[in-house]
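K.L.:
Pasting a predicted model and its sequence here:
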Amino acid sequence: MVNESEHPTLAVVGATGLVGRELLEILADHPLGRGSMRLFASARSAGRTLPWQGASIPVEQAGPDVFAGVDLAFFCAGGQVSRELAPAAVKAGANVIDNTSAFRMQSDVPLVVPEINGEVLDAFANSDTPGIIANPNCSTIIALMAVTPLHRAVGINRMVVSTYQAASGAGGAFMRELEQQAEDHVAGRPYTQKTVGRQYLFNLFSHDSPIGPDGYNEEERKLVRETHRIWNDDSVHITATCVRVPVLRAHSESINLTFVEPLYEDEARELLVDAPGVRVVDDRAANRFPEPAEATGLDEVLVGRIRSDLSQPPGMGLDLFVCGDQLRKGAALNAVQIAERIFVRSLAGASGPAH
Ligand SMILES: NC(=O)c1ccc[n+]([C@@H]2O[C@H](COP(=O)([O-])OP(=O)(O)OC[C@H]3O[C@@H](n4cnc5c(N)ncnc54)[C@H](OP(=O)(O)O)[C@@H]3O)[C@@H](O)[C@H]2O)c1
């Protein structure tokens, strides 16, 4: 329940992780961060402190009884922790914004990218009954930021996505092992393989999520089913190949579209220039297009290589290349934007959202 006269008391569950720390960085300068902050992680981190707005806050062990007085809890500690603790947080009176896949396909839990289907949050913003809101999968958010304006204009009939996903998308330990392998390489040592379980440096491999009997891995399935849910449209044909590349941060995606009605390259470029949260980087003369190093730390999703698919009838197909920081728009920033929509009353009178 939100007290209109005060700033909400926040909690971050998984505060020591990559998404948790990105959340703290965004919230530190955000009107929502003016209330109290509670930080939670596993027993391993209990007793540590983390910097917050010039002070240090202790990290507490997460558990079902810790949420009294919390208005808004961001969950980013894995699906199992969300399944166990998010209902307890709601019971204690907190709204939950969940970064994991635990509740994304649950019909009473909105799955939201505010620029795309933010209106589904109006019920939360006008209610004093707390609940859970799900943040979509990072590759899905990044793809949909680029393709939704085109889908709205002419309808997408088919979408083929190939991802080039960064190490940090799999968490801090995964990213540190890629850095460790770089150090091993320079030192001439065998590559450390404790977390990733294979050579990652100078290599790439099929996404590390479970693979099903149909040959699709879980990341690929998420991209399909979450897109259908966010667009509220199961009719779009979607297929994906998700690959982990030795990039530290920011996912890249090659996207091929088939349209219902024709959309020419220049029209698509104009739509993307006007799209909120999107920046067009498409300089053919200089061969400058989206790159993960450039997308790192940015709020916007970068879109380029915008070109008609010459294998399709004129105007009926388009190719794009997209890069987005999966820790920001793919996770923490999207979660904060959701919070802006549901805590609109608390933010009224503040200087306004930072993003
Ligand atoms: N990384 C991304 O780009 C990204 C993007 C979108 C969504 N997500 C999702 O966000 C979640 C977090 O990802 P991440 O990359 O931040 O992972 P991470 O760097 O590995 O951090 C995991 C966090 O979860 C905490 N944790 C683990 N077990 C716990 C337990 N039993 N109780 C309480 N806290 C526990 C860890 O605390 P300790 O320090 O105590 O171990 C740490 O704070 C995952 O579900 C992931 O799928 C990640």
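P.N.:
Cool, got the structure.

K.L.:
ok, the residue of the stretch 201-350 of the chain found nearest the ligand - contacts?
P.N.:
At 3.6 Å from the ligand, Ala331 is the closest residue in the stretch 201-350 of the chain, using C-beta to the nearest ligand atom. Every residue, glycine included, has its C-beta placed from N, CA and C. Counting by C-beta atoms under 8 Å, 6 or more residues apart in numbering, Ala331 touches 19, 22, 76, 99, 135, 138.

K.L.:
now with 6 Å?
P.N.:
19, 99, 138 (C-beta atoms under 6 Å, 6 or more residues apart in numbering).

K.L.:
just checking, which of those residues belong to helices?
P.N.:
Residues of the contacts of Ala331 located in helices (DSSP state H): 19, 138.

K.L.:
from the contacts of Ala331, which is closest to Ala170?
P.N.:
The closest of the contacts of Ala331 to Ala170 turns out to be Cys138 (C-beta to C-beta; 10.5 Å).

K.L.:
what number of residues lie near the nearest residue to that closest one once chain neighbours are set aside?
P.N.:
Computed as C-beta to C-beta, 6 or more residues apart in numbering, the closest residue to Cys138 that is not its neighbour in sequence is Gly330, at 3.0 Å. Per other C-beta atoms under 10 Å, the neighbour tally for Gly330 reads 28.

K.L.:
now Met145
P.N.:
For Met145, using other C-beta under 10 Å, the count is 26.

K.L.:
Next, the residue nearest to Val120 when sequence neighbours are not counted: phi, psi?
P.N.:
What sits nearest to Val120 in space, not counting adjacent residues and going by C-beta to C-beta, 6+ apart, is Pro110, at 4.6 Å. Phi and psi for Pro110, reported as degrees, to the nearest 10, are phi -70, psi 140.

K.L.:
Distance check, Pro110 against Ser139.
P.N.:
Distance, Pro110 to Ser139, by C-beta to C-beta, to the nearest Å: 19 Å.

K.L.:
Looking at these two, which is more packed in?
P.N.:
Each of Pro110 and Ser139 has its neighbours counted (other C-beta under 10 Å); Ser139 has more, 28 against 23.

K.L.:
Which residues are in contact with the more buried one?
P.N.:
Residues counted as contacts of Ser139 (C-beta under 6 Å, 6+ apart) are 163, 223, 251.

K.L.:
Helices of the stretch 251-355 of the chain, start to end?
P.N.:
265-274, 292-295, 333-342, 344-347 (DSSP state H, counting those that start in this stretch).

K.L.:
Including mean pLDDT and distance to the ligand, could these go into CSV?
P.N.:
Shown next, in CSV, are the helices of the stretch 251-355 of the chain (pLDDT from 0 to 100; distance: least, C-beta to the nearest ligand atom, whole Å):
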stretch, mean pLDDT, distance to the ligand
helix 265-274, 98, 23
helix 292-295, 98, 12
helix 333-342, 96, 9
helix 344-347, 65, 24
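
K.L.:
Quick check: closest non-adjacent residue to Asn95.
P.N.:
Pro130 (4.5 Å).

K.L.:
Now for the one you found: which residues touch it?
P.N.:
Per C-beta under 6 Å, 6+ apart, neighbours of Pro130: 90, 93-95.

K.L.:
ok so, going back, tell me which of the helices of the stretch 251-355 of the chain is the most buried.
P.N.:
helix 333-342 (a mean of 24; mean count of other C-beta atoms under 10 Å).

K.L.:
before we move on, back to that, what secondary structure does the residue nearest to Asn95 sit in?
P.N.:
coil (DSSP: H, G, I helix; E, B strand; the rest coil).

K.L.:
separation between it and Asp319?
P.N.:
43 Å.

K.L.:
ok, now Asp122?
P.N.:
36 Å.

K.L.:
Pick out whichever of those two has more residues nearby.
P.N.:
Asp319 (17 against 12).

K.L.:
now that one, which residues is it bridged with?
P.N.:
Asn256, Arg307 (DSSP bridges).

K.L.:
what residue of this structure is the furthest out?
P.N.:
Distance from the C-alpha centroid of the chain peaks at Gly188, with 36.0 Å (C-alpha atoms, centre = their mean).

K.L.:
Find me the pLDDT at it, would you?
P.N.:
What the model reports as pLDDT for Gly188 is 98.

K.L.:
Which positions in the protein make contact with the ligand?
P.N.:
Residues of the chain lying near the ligand by C-beta under 6 Å from any ligand atom: 14-20, 41-42, 44-45, 62, 76-79, 81, 99-100, 138, 168-169, 171-173, 326-327, 330-331.

K.L.:
Among these, the buried ones, what's the PyMOL command?
P.N.:
To isolate the buried ones among these in PyMOL, judged by 16 or more other C-beta atoms under 10 Å, type:
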select buried, resi 14+15+16+17+18+19+20+41+42+45+62+76+77+78+81+99+100+138+168+169+171+172+326+327+330+331
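
K.L.:
contacting residues around stretch 89-105?
P.N.:
Under C-beta under 6 Å, 6+ apart, the answer for stretch 89-105 is 1, 19, 67-68, 70, 72-76, 78-79, 82-83, 86, 109, 111, 130, 132-135, 331, 335, 338.
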